[in-house]
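In: My questions concern the predicted model and sequence given below.
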Amino acid sequence: MGISKARKSVLAKYDTEKLHTVAEATQVIKDITTTKFDATVDVAIKLGVDPRKANQMVRGICTLPHGTGKNVKVLVLCTPDKEAEAKEAGADYVGLDEYIEKIKGGWTDVDVIITMPSAMGKVGALGRVLGPRGLMPNPKTGTVTMEVGKAVKDVKGGKIDFKVDKYGIIHSVIGKASFDVQKLTENASELLQTIIKLKPSSAKGTYVRSVSFSSTMSPSVKVEPKSIEA
C-alpha cells in the first residue's frame with residue numbers, strides 16, 4: 001500500500017530521523033497536524049524497565065499546567081451524603097447503585113471514575129468491566145478518596161495518571177494541537193520530569209530510551225532523550 005499525497009507532503013515538512021528538543025518537537029507537531037478537528041497531542045516514552053517486576057513498575061499522577069484541552073467526563077460513585085459535594089465540583093454523573101447496574105450492563109461512557117473507600121466493596125465487583133478500560137478507581141491515583149469534590153476538581157483541572165505498559169512504554173495525552181508551543185512544551189516537560197523522578201532504583205542502564213510525540217493521525221516526531229534528563 002503506497003503513501004498518500006497528503007502523507008508525503010506532511011513527511012516532507014520535517015526530518016523524520018532527527019532528534020528534537022521538546023520545544024522543537026511540539027512546533028513540528030503543530031506544523032504537520034492537518035486534521036480539520038482539534039487533534040489530541042500524545043507522547044510515548046519507552047523506558048528501560050521490566051514491567052513484569054513489581055519493583056520496576058512505573059506509575060504515577062501528574063497535573064498538566066495547562067490541562068489536557070479535553071472535557072473530561074467524570075462519574076462519582078458515592079453515598080447520598082457526598083452527592084452534593086460531587087455535583088458542586090463539576091461531576092458529570094453522580095450516584096451509586098443505579099450507575100453500578102448501568103456499568104454491569106456495559107455502560108462506560110466516562111473518562112474517569114471517582115469513588116470513596118466505603119463504596120469499594122460494590123465498585124470492586126466491576127473490575128472485569130472497568131479494569132480493561134483503565135477506569136478502575138485506585139487510591140494511588142487519588143480516585144478512591146473521601147474528598148470526592150477535590151478529586152473531581154483535580155481531574156477536571158488537568159490531573160492525569162499514567163502507567164508503563166507491558167512493553168515498557170508510557171502513553172499519555174499532553175494537550176491539543178490548538179495549544180501554543182509554550183503550553184504544549186510546559187505540559188510535556190511536567191510529565192517527563194515527573195516520570196524521571198519515578199525512576200526505580202532497581203532499573204539498570206538507560207532509563208529513558210526514547211520519546212516521541214504525535215497528534216491524531218500524524219506521523220511521530222522524535223525527541224532527544226538526553227535533552228529532558230535534568
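Out: That came in fine, so what should we check first?

In: what's the following helix or strand after the lowest-mean-pLDDT helix or strand in the chain?
Out: Using mean pLDDT, DSSP states H and E, the weakest-scoring helix or strand in the chain turns out to be helix 5-11, at a mean of 68. Using DSSP states H and E, the helix or strand that directly follows helix 5-11 along the chain is helix 22-32.

In: who's in contact with that following helix?
Out: Outside helix 22-32, the residues that touch it by C-beta atoms under 8 Å, 6 or more residues apart in numbering are 10, 13-14, 20, 41, 177, 181, 184-185, 188-189, 192, 213-215, 218-219, 221-223, 227-228. Every C-beta, even on glycine, is put in place using the N, C-alpha and C of the backbone.

In: State the three-state secondary structure for the residue nearest to residue 83 when sequence neighbours are not counted.
Out: Counting by C-beta to C-beta, 6 or more residues apart in numbering, residue 94 is the residue found nearest to residue 83 once chain neighbours are left out, at 5.0 Å. With DSSP: H, G, I helix; E, B strand; the rest coil as the basis, the three-state label of residue 94 is strand.

In: Residue 75 too?
Out: Three-state secondary structure (criterion: three-state DSSP) places residue 75 in strand.

In: if I look at residue 27, how far off is residue 41?
Out: 12 Å (C-beta to C-beta, to the nearest Å).

In: okay, the two: which has more neighbours?
Out: Set residue 27 next to residue 41 and count neighbours by other C-beta atoms under 10 Å: residue 41 wins out with 27 against 18.

In: Surely the more buried one touches residue 185?
Out: No - with contacts counted by C-beta atoms under 8 Å, residue 41 stays clear of residue 185, the gap being 10.9 Å.

In: Can you report how many residues lie near residue 39?
Out: Each residue near residue 39 was counted by other C-beta under 10 Å, and the total is 20.

In: Tell me the pLDDT of it.
Out: pLDDT for residue 39: 93.

In: So it is in contact with residue 33, correct?
Out: Yes - contact criterion C-beta under 8 Å: residue 39 and residue 33 qualify, at 5.1 Å.

In: which residues do those two both contact?
Out: Both residue 39 and residue 33 are contacted by 177, 215, 216, 218, under the criterion C-beta under 8 Å, 6+ apart.

In: Buried among those? Need that as a selection in PyMOL.
Out: If you want just the buried ones from the shared contacts of residue 39 and residue 33 in PyMOL, going by 16 or more other C-beta atoms under 10 Å, the selection is:
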select buried, resi 177+215+218
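
In: Please list the members of the shared contacts of residue 39 and residue 33 that lie in strands.
Out: residue 215 (DSSP state E).

In: Point out the least confident one among the shared contacts of residue 39 and residue 33.
Out: Least confident by pLDDT among the shared contacts of residue 39 and residue 33: that is residue 218, with 86.

In: so which strand or helix has residue 172?
Out: Assigned by DSSP H and E, residue 172 belongs to strand 169-176.

In: List the buried residues in the helix or strand that that strand is followed by.
Out: Downstream of strand 169-176, the next assigned helix or strand under DSSP H and E is helix 181-197. Of the residues in helix 181-197, those scored as buried under the neighbour-count criterion (16+ other C-beta under 10 Å) are 181, 183-192, 194-195.
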